[in-house]
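Colleague: Dropping the sequence and predicted coords here.
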Amino acid sequence: MHILVAEDNLINQKVVARMLEKLAYPADVVSDGTLAVEATGSTQYDIILMDVNMPTMGGIEASEVIRSEESSGHRAHIIALTGNAMDADRLRCLEAGMDDYISKPFVLETLREKLRVAAESLNRAAEKN
């Protein structure tokens, strides 16, 4: 799987990248939503781990732009990363086109499970095409 991490906090970038390494998933890392949109324009990502609150362009807006620019043959699985754990925050992420939600801080097993769900979703989508 080709994974993009969009996270503005350098420590969080390193933590998520290290978790992904432990799970044997290399990832590209960008520091804001604008760079995430640019990255998806040049690379087809399977999964995007998207921080919700970032400078320049936040994860909600970036997800909406990514969804509007996706080709009909491919849809990245976007997982929100946020410290906001309220149901309204989760709903806002889903309404923006995100597929799932992880509340920070999270542990390796949570990430592993979310990636497993994402892989199953991507496989089902590939079977339909």
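Modeller: That came in fine, so what should we check first? Numbers count the residues shown, from 1 in each chain.

Colleague: low-confidence ranges in this protein?
Modeller: 129 (pLDDT under 70).

Colleague: let's go with 90 and repeat that
Modeller: For the chain, the stretches flagged by pLDDT under 90 are 1, 56, 70-74, 82-91, 104, 122, 124-129.

Colleague: all strands for it, in order.
Modeller: With DSSP state E as the criterion, the chain has strands at 3-6, 27-30, 47-51, 77-82, 100-103.

Colleague: Format those strands as TSV; extra columns: mean neighbour count and distance to residue 112.
Modeller: Where you see a C-beta, it was placed from the backbone N, CA and C, and this is true even at glycine. What follows is the strands of the chain, written out as TSV (neighbours: other Cβ atoms under 10 Å; distance: least, Cβ to Cβ, whole Å):
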stretch	mean neighbour count	distance to residue 112
strand 3-6	25	13
strand 27-30	20	14
strand 47-51	28	12
strand 77-82	24	12
strand 100-103	18	11
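
Colleague: I'd like the ones you listed laid out as TSV, including distance to residue 115.
Modeller: Shown next, in TSV, are the strands of the chain (distance: least, Cβ to Cβ, whole Å):
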stretch	distance to residue 115
strand 3-6	8
strand 27-30	11
strand 47-51	7
strand 77-82	8
strand 100-103	10
